[in-house]
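Colleague: no letters, just coordinates:
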């Protein structure tokens with residue numbers, strides 16, 4: 001498959017516009033059959049962690065497989081880019097499962113412990129459960145931003161712990177070096193304001209639900225993500241500092257060489273959060289394909305005034321091809 005180059009209209013080209021519109025609610029307006037068919041599911045992992053998901057099934061017998069979608073940090077199953085991507089795939093005949101990370105969406109009450117991005121085991125086990133319940137039907141996994149980081153780590157783990165039915169992984173704007181990403185957020189006034197508001201709200205919910213466990217009063221007034229992370233870790237984790245924590249989910253250099261499942265990574269050269277240089281230094285496996293677009297911002301890749309994601313058609317074709325049992329990279 002020839003992906004081509006994304007060439008949005010002039011006014012849509014700026015990275016800031018692409019990034020802002022990726023999460024803009026107006027993109028999710030209108031009829032959404034995926035949402036109409038949705039039902040909530042609570043998964044209990046082998047570690048007794050409970051994660052909230054939303055399943056949307058196709059009317060039988062029309063079925064192409066199941067797409068599992070994973071949002072970014074402080075997003076949720078209701079994030080615009082998740083709803084629009086899910087709507088597109090559902091309209092093309094795929095079942096869709098939108099999985100929430102711990103303490104994302106309306107799930108703070110499900111676990112006493114707080115969310116950390118290093119908590120791969122629970123997300124891996126949730127994806128495994130979802131996939132195994134499909135009884136051999138094809139399953140596809142896509143993640144955005146921090147969710148993109150999670151799906152790459154899941155793909156890597158599948159080399160030694162395969163997940164039945166998982167055919168393709170698609171990672172959009174993945175975080176590779178969380179330390180760098182944090183600093184880029186802190187150096188962008190508008191992006192920082194967005195994440196501070198969402199993180200403070202999330203922490204306030206957790207404290208209200210578990211006041212005997214958490215007091216975030218010494219964190220809420222901090223005006224940057226790195227220092228908030230440092231204070232949170234110092235009080236509620238075993239990590240000595242943010243650098244040690246970030247190392248736990250960093251994906252650089254040879255970290256993705258072990259991936260054996262067909263995997264596509266999509267990023268933009270103008271991403272204001274994830275430096276494109278990090279991708280050029282990656283040494284990936286033969287099963288991994290990297291697409292770097294000149295435009296797209298972070299999670300955007302909007303190709304026209306309908307504000308559709310360019311990657312959706314790429315994702316659909318990859319899922320359809322790999323879901324038929326064909327192996328290898330689609331080119």
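Modeller: Sure, I can see it. None of the values given here were measured: they were computed from a predicted structure.
Colleague: show me what contacts residue 212?
Modeller: By Cβ atoms under 8 Å, 6 or more residues apart in numbering, residue 212 lies in contact with nothing. C-beta here means a position set from N, CA and C on the backbone, and glycine is covered the same way.
Colleague: and the pLDDT for it?
Modeller: On pLDDT, residue 212 comes in at 98.
Colleague: who are the contact partners of residue 323?
Modeller: Residues near residue 323 by Cβ under 8 Å, 6+ apart: 64-65, 138, 140, 167-168.
Colleague: give the closest residue to it in space, chain neighbours not counted.
Modeller: Distance criterion Cβ to Cβ, 6 or more residues apart in numbering; nearest residue to residue 323, sequence neighbours excluded, is residue 138 at 3.7 Å.
Colleague: distance of the one you found relative to residue 102?
Modeller: Applying Cβ to Cβ, to the nearest Å, the value for residue 138 to residue 102 is 27 Å.
Colleague: which parts of the stretch 101-250 of the chain are helices?
Modeller: Assigned by DSSP state H, counting those that start in this stretch, the helices in the stretch 101-250 of the chain fall at 120-132, 146-157, 178-186, 189-209, 225-236, 242-247.
Colleague: number of nearby residues for the nearest residue in space to residue 272 that is not next to it in sequence?
Modeller: Nearest non-adjacent residue to residue 272, counting by Cβ to Cβ, 6+ apart: residue 15, 5.2 Å away. Residue 15 has 18 neighbours, counted by other Cβ atoms under 10 Å.
Colleague: what are the phi and psi values at residue 15?
Modeller: Dihedral angles phi and psi of residue 15 (degrees, to the nearest 10) take the values phi -60, psi -40.
Colleague: tell me the contacts of it?
Modeller: Residues near residue 15 by Cβ under 8 Å, 6+ apart: 268, 270-272, 295-298, 300.
Colleague: cutoff 7 Å now
Modeller: By Cβ atoms under 7 Å, 6 or more residues apart in numbering, residue 15 lies in contact with 270-272, 297.
Colleague: can you check residue 145 too?
Modeller: 72-73, 173-175, 298-299.
Colleague: same thing but at 8 Å, please
Modeller: Applying Cβ under 8 Å, 6+ apart to residue 145 gives the contacts 71-73, 75, 172-175, 273-274, 298-299.
Colleague: quick one: which of the residues you listed has the most company?
Modeller: Using other Cβ under 10 Å as the neighbour criterion, residue 299 leads those with 32 neighbours.
Colleague: any idea how far that one is from residue 142?
Modeller: On the measure of Cβ to Cβ, residue 299 and residue 142 end up 12 Å apart.
Colleague: who touches both of these two?
Modeller: Residues touching both residue 299 and residue 142 (Cβ under 8 Å, 6+ apart): residue 172.
Colleague: per-residue confidence at the most centrally placed residue in the chain?
Modeller: Taking Cα atoms, centre = their mean, the centroid of the chain lies closest to residue 147, which sits 2.1 Å from it. Per-residue pLDDT puts residue 147 at 98.
Colleague: do I have it right that it meets residue 77?
Modeller: No: checked against Cβ atoms under 8 Å, the pair residue 147 and residue 77 is beyond contact range at 10.7 Å.
Colleague: any residues in contact with both of those two?
Modeller: Residues touching both residue 147 and residue 77 (Cβ under 8 Å, 6+ apart): 69, 71.
Colleague: give me the domain ranges for this protein.
Modeller: Using automatic domain parsing, the domain parsing of the chain gives 10-176+251-323, 178-249.
Colleague: closest one to residue 4 among those?
Modeller: Across these, residue 4 has its closest neighbour in domain 10-176+251-323 (8.6 Å, Cβ to Cβ).
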